[in-house]
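Student: Next input, structure requested:
(chains A and B)
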Amino acid sequence: MQVTQPQTIIDKLWSAHEILRREDGESLLWVDRHYVHEGSFHAFGKLAERGANVAEPTLTFGVADHYVPTRGSRWSIANPEIARMVRQLEENCAKHGVKLFDVNDPDQGIVHVVGPEQGLTLPGLLIVCGDSHTSTHGALGAYAFGIGASEVAHVLMTQTIWQKKPKRMRVRVDGVTAPGIAAKDIMLAVIVRIGADGATGCAVEFTGSAIRALSIEGRLTLCNMSIEAGARCGVVAPDALSFVYLRDRPYAPTGAEFEQAIEAWSRLITDEGAPFDHEVEFDAASIAPIVTWGTSPQDALPIDATVPDPTRQPDAERAQYVHDALDYMGLVPGKKLTDIAIDRVFIGSCTNARIEDLRAAASVMAGRVSKVPGLVSPGSTLVKRQAEDEGLDRIFRDAGLEWAESGCSMCVGINGDLVAPGERCASTTNRNFRGRQGPGARTHLMSPAMVAAAAVTGHLADVRKLLGTRKP
Amino acid sequence: MERFTTFTAAACPINQKNLNTDQILPARYLKWTRSMGFGKVLFHDLRFDVEGREKPDFPLNKLAWRNCKIVVTARNFGCGSSREAAVYALYDYGVRCIIAPSFGDIFAGNAVQNGLLTAVVTDNEAAEIMASLTQMPDLPLAIDLERQMIVCGNRIYSFTIDPVRRTRLLNGWDDLAFTENYRDRIRTFKASDQSQRPWAVPRKHL
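Tutor: Numbering: from 1, shown residues only, chains lettered A, B, ... in the order given. Now for the predicted structure:
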């Protein structure tokens, strides 16, 4: 019998897609799914320049999400520049015979919500998209990563991509999280520990009992933000939960083919003793609700902490960094995080706008009133409809928030949903970079339940104190 | 793509870690086509105030560094969003080389596709070069990709870059040219893969 070396899930996914490896170490990989969006126009332009066609239109899917309006008419988009961005994608997809979830498609949404929801994203697939949060799809056991416009053009023309095999990192989270702790808190804790570049050059497998216990939505949040630690991709081994999630999804295999797929997917696990290049371990029980205070996702602390003091940093460079971050964020050292008043909230984005996220926020908000204005943009039109069927929209509206259509919206602000200069926003998104939600905008990242807690109190707040204290 | 050649030019130190692509090119310019000139909005919100006036403290606004072809910076440059237009902005401004201790993976991939060199040095070396430039703003740096060397005054630093990327930059190759050679291999792989993984093809077609 042939003895094979134990392999990680990362090795297995990689070798299943490796068409060839050149002597210099670069591999040509087969791409199973390629998602494109309005921002892919540079790449389609490169095809036009060469008079080239899309090599595999049936493996390519377009989704209108980055620029789509979430308020006002989506049939006749008022802003001509935004209308042009959306139309351009429609034209490029039509020209190349690519299925498009266009702005008015009942299945439209954010590409990283639509892919899993439609069963386009499956375990064992290699998925690319010209968007850094493509790492999201690893939650179902896919090898998924973001690429730039030149690579998008290459994939469009050849259905392949050149890559060098990344290092393998294992992030193990064992134990049971406390009530009120979400996948977002776990991932922020990971980023704080390893840093915004802690996983650069690495593919990361998330494992351990606390990861197994996460819903698919939770795993999607986790893998989504693996890019915020610099990771090439994040992956969770598929399990029974993944198979249940995928069964009967519109584009997933059916019948005997689905059973055959499950057999193959079940082998997508890290073998006992398989080597990783880096390993990090976390105790789930020690993770508290986390919020960011600065201008990088690594600038985060448990909600019961205080704003860091530049004068108490280990070195001058760090002191300067904290000083500058606080200056931008308009915060004073030593202030309790729970004393930070907010101006608005945003619940949305590919990180945290799936049905479970909306339920978590709504459960805190039910019967309460938001002290600040805010926007809720569901991750997809299907999520929106499901939330409405469950009455979640009424909870948000009754609390005083705006219930909008689906799109990238206020996470990146390019559709016009912006946080005003100087305004402070509690947000379920993924990046608290300077100006990310609009020039001068101040973003605090946190879980959906924590955003709801901030909304109803008017300041950053510990959601655990609002659990089970509701008036009848 | 142009071949990368040895050059000597002004180098601008920007001593900030995690300088993400949102800072290099704010999202509101992503609608632009390249012909509109991304160079003029490079580092826009760090370079200009809300009224559009130059911020005098931002290094790129200093006389000595206005026409720099090199940027020297701290760890994790180009992290965040995959926007290739961040590379267009640097390149179209005139920058041909970024020296830093580390880069965001996607950014580094985009850079090589566009002839922009990402030269990796240690944290200490980056800090040292930035300190030299701050002391002597007119000091030009010489970049030699062939020998993977940076000449900074009387100091010589070696830098690392993935050898494949180095070759590509030196020859001005693009990926497509390589891939053309493997058309048959791709076809063969596709056929055998589809029989092994029939479930990998999306069920619902157009």
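
Student: To what extent is residue 55 buried, counted in neighbours?
Tutor: Defaulting to chain A. Applying other CB atoms under 10 Å in any protein chain shown, we find 19 residues neighbouring residue A:55. Where you see a C-beta, it was placed from the backbone N, CA and C, and this is true even at glycine.

Student: switch to chain B, that's the one I care about
Tutor: Neighbour count for residue B:55, taken as other CB under 10 Å: 13.

Student: Name the nearest residue to it, ignoring sequence neighbours.
Tutor: residue B:49 (5.7 Å; CB to CB, 6 or more residues apart in numbering or on different chains).

Student: Quick check, the one you found in contact with residue B:58.
Tutor: No: the pair residue B:49 and residue B:58 does not pass the contact test of CB atoms under 8 Å, sitting 10.0 Å apart.

Student: Which of the two has more residues huddled nearby?
Tutor: Neighbours of residue B:49 and residue B:58, each counted by other CB under 10 Å, are more numerous for residue B:58; the result is 17 against 11.

Student: quick one, strands of chain B?
Tutor: B:7-14, B:70-73, B:97-100, B:117-120, B:140-144, B:149-152, B:155-158 (DSSP state E).

Student: is it true that residue B:44 touches residue B:32?
Tutor: No: Residue B:44 is beyond contact range of residue B:32, at 11.5 Å (criterion: CB under 8 Å).

Student: Just want to know which of these two has more residues nearby.
Tutor: residue B:44 (19 against 16).

Student: any idea how far the closest residue to that one other than its chain neighbours is from residue B:18?
Tutor: The spatially closest residue to residue B:44, leaving aside those adjacent along the chain, is residue B:26, at 5.3 Å (CB to CB, 6+ apart). Counting by CB to CB, to the nearest Å, the separation of residue B:26 from residue B:18 is 16 Å.

Student: do residue B:46 as well
Tutor: Residue B:46 sits 13 Å away from residue B:18, going by CB to CB.

Student: between the two, who's got more neighbours?
Tutor: Neighbours were counted for residue B:46 and for residue B:18 using other CB under 10 Å; residue B:18 has more, 26 against 20.

Student: need the contact list for the more buried one.
Tutor: For residue B:18, the contact set (CB atoms under 8 Å, 6 or more residues apart in numbering or on different chains) comprises A:196, A:197, A:296, A:298, B:74, B:75, B:76, B:79.

Student: Closest one to residue A:331 out of the residues you listed, please.
Tutor: Distance to residue A:331 across the contacts of residue B:18 (CB to CB) is lowest for residue A:296, with 14.5 Å.

Student: what number of residues lie near the closest one?
Tutor: 24.

Student: ok, it touching residue A:430?
Tutor: No: taking CB under 8 Å as the definition, residue A:296 is not a contact partner of residue A:430, at 11.5 Å.

Student: Can you pull the poorly scored residue ranges out of the stretch 1-150 of chain A?
Tutor: Low-confidence segments of the stretch 1-150 of chain A, defined by pLDDT under 70: A:1-3.

Student: rerun at 90
Tutor: Within the stretch 1-150 of chain A, the stretches with pLDDT under 90 are A:1-4, A:23-24, A:72-73.

Student: Not counting its own residues, what contacts the helix or strand hosting residue A:169?
Tutor: Assigned by DSSP states H and E, residue A:169 belongs to strand A:167-174. Residues from elsewhere that reach strand A:167-174, judged by CB under 8 Å, 6+ apart: A:8, A:10-11, A:186, A:190, A:199, A:201-211, A:231, A:270, A:275-284.

Student: what element comes up after that strand heading to the C-terminus?
Tutor: From strand A:167-174, the next helix or strand downstream (DSSP H and E) is helix A:183-194.

Student: at contact distance from chain B, anything in that following helix?
Tutor: No: using CB under 8 Å from any CB of the partner chain, helix A:183-194 stays clear of chain B, coming no nearer than 11.5 Å.

Student: any idea how far that helix is from the chain center?
Tutor: Centroid separation between helix A:183-194 and its chain, computed with CA atoms, centre = their mean, to the nearest Å, is 13 Å.

Student: Buried residues in that helix, which are they?
Tutor: A:183, A:184, A:185, A:186, A:187, A:188, A:189, A:190, A:191, A:192, A:194 (16 or more other CB atoms under 10 Å in any protein chain shown).

Student: go on, stretch B:140-149?
Tutor: Across stretch B:140-149, burial judged by 16+ other CB under 10 Å covers B:140, B:141, B:143, B:144, B:145, B:148.

Student: and which of these is nearest residue A:15?
Tutor: Closest approach to residue A:15 among the buried residues of stretch B:140-149 (CB to CB): residue B:148, at 31.3 Å.

Student: which secondary element of chain B has the worst mean pLDDT?
Tutor: helix B:175-180 (a mean of 87; mean pLDDT, DSSP states H and E).

Student: Pull the residues that contact it.
Tutor: A:28, A:150, A:151, A:154, A:157, A:158, A:160, A:162, B:113, B:186.
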